[in-house]
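A.B. asks: Provided below for reference: sequence and predicted model.
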Amino acid sequence: MAFVNLKKKEIQVKIVYYGPGRGGKTTNLEYIYNRFNERIKTEMVTIKTHGDRTLFFDFLPFDIGKIKGYDVKIQLYTVPGQVKYNATRRLVLRGVDGIVFVADSMAVRKEKNILSLKNLEENLSAYKKKLAQVPIVMQYNKRDLAEQGIPLLSYETLDQTLNSQLKAPAYQASALTGKNVVTTMKKIIALTMASLEKQLK
Amino acid sequence: MDEKGDKAVSSEVEERLDDIFGAEDNPTASLDNGPLSEDSPLRNLKGIVLSIDWEITDEIMSTFLGEVEALRQQFAQEKIPALFLQLLGSVGTYIRNQKARAHPDSIQVLNSVYNSFEKVLLSDPKMSETNKRKWLYTEVNRFKKLKQDIARGREEQTRPAVDHEEKPETAVEAPPPTSATQESALDFKSMPPHEAFAYALEELKQVIKTEFQALRAELRLWREGR
């Protein structure tokens, strides 16, 4: 549940970008930060390890102004995708309000996407949350690689594999070029705000 | 939040987001070397290079080295491509042998050598021999620097440890722990500090939970005994 400060009339919304390692979660946040940092006037916090991998998490906070008299502060997080950092992933998921699942479209990553989604489900259950109850947007990333002749999973295959039960909004994207990065983010914020509004009633 | 006006909230959010981020995505960047054609000799190699993850597996690295070897035979008569492939083979063999203990810059060097090789081989119009050599020398120098860094790292390792540098991660493909018991049995020293902290936090929660359960049980017994 989002952090709501009734006295200060402030709401903090936590959105986590989840997915397999090297899937493009950090690239999503970097694109948003690089393109809009003058407008959102904030700093992105990122801790990387050797070879540019996310070690702990990336953090990009920004305000979207007043909604119904409340100051809404959005906090975007990524988790480290590498299998071995599960405790960190679980920690970052604490208090999550919305999730973007960044799937890797490369054919060789099919299994890793499935494992990561299962891992998300398991980690959410530690907080007594079910995946179907949390606002989620699927992003099928790295579509630009098709132009390079890299074998990719089709949109249909990805949707069938990862989204057949959830039936969440899904976008084909390229975090590297920015294609559908903002659309994904706007969608998850809108879904999360709608969900929070219901919870707050 | 106000209880009235469900739609008003949604539209207010959407309007606000449009104000900040614009109404649509405008892609800005493109991939450096452009698309590869169906019959490009580097088609397979590029796929493998892109799929080399930090979680390096023997399978991926063997496929990579096999593809490099096949290309070396194909370009045996062309000096510059052959040297690029030799560089790729050397870095690839090193990464396969060292896996997660590989020098942090080795994957970047591998990517860089591949990118330059692709530029040299597939440039349109064709690159002059002088330019090709320039690209090659840049990568050879990068490779030499990597070798020096690796050698320096080895020297430092043989000296008595006086600082607290991060230790190499041991189990590259170890499956995630499934229970708190298993997690507590892990060696914290082999973990990066943040991961050790996360595990420790979880363990602490378990201890507190267990303590409270024990206290409740004792209170129950005390009440029953009165």
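C.D. replies: Structure's in. What do you need?

A.B. asks: which residue does chain B bring closest to chain A?
C.D. replies: Chain A sits closest to B:P104 of chain B, with a gap of 2.9 Å, by Cβ to the nearest Cβ. Any C-beta I mention is one placed from the backbone N, CA and C, and that applies to glycine too.

A.B. asks: That residue: what secondary structure?
C.D. replies: In three-state terms, and counting by DSSP: H, G, I helix; E, B strand; the rest coil, B:P104 is coil.

A.B. asks: With adjacent residues omitted, what lies nearest to A:E10?
C.D. replies: Taking Cβ to Cβ, 6 or more residues apart in numbering or on different chains as the measure, A:E10 lies nearest to A:D71, with 4.6 Å between them; neighbours along the chain are not counted.

A.B. asks: any idea which element the one you found lies in?
C.D. replies: Here A:D71, judged by DSSP states H and E, is contained in strand A:70-78.

A.B. asks: how about the CA coordinates for that strand, as PDB?
C.D. replies: Coordinates of the C-alpha atoms in strand A:70-78 are reproduced here as PDB (Å, rounded to 0.1, in the frame of the first residue of the first chain):
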ATOM      1  CA  TYR A  70      -2.800  15.400  -2.800                       C
ATOM      2  CA  ASP A  71       0.900  15.800  -3.800                       C
ATOM      3  CA  VAL A  72       1.700  12.600  -5.700                       C
ATOM      4  CA  LYS A  73       5.200  11.400  -5.600                       C
ATOM      5  CA  ILE A  74       6.200   8.600  -7.900                       C
ATOM      6  CA  GLN A  75       9.100   6.400  -7.100                       C
ATOM      7  CA  LEU A  76      10.400   4.100  -9.800                       C
ATOM      8  CA  TYR A  77      12.700   1.300  -8.800                       C
ATOM      9  CA  THR A  78      14.400  -1.500 -10.600                       C
END
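
A.B. asks: what's next to it, contact-wise?
C.D. replies: By Cβ atoms under 8 Å, 6 or more residues apart in numbering or on different chains, the list of residues contacting strand A:70-78 from outside reads A:4, A:8-18, A:25-26, A:28-29, A:32, A:54, A:57-66, A:92, A:185, A:189, A:193, B:1, B:13.

A.B. asks: Would you tell me which helix is longest in chain B?
C.D. replies: helix B:193-225 (DSSP state H).

A.B. asks: Could you list every helix and strand that that one packs against?
C.D. replies: Where contact means 3 or more Cβ pairs under 8 Å, 6 or more residues apart in numbering or on different chains; DSSP states H and E, helix B:193-225 is packed against helix A:86-93, helix B:180-184.

A.B. asks: Any part of the first one near chain B?
C.D. replies: Yes: legend: contact between helix A:86-93 and chain B by Cβ under 8 Å from any Cβ of the partner chain is shown at A:N86, A:A87, A:T88, A:R90, A:L91.
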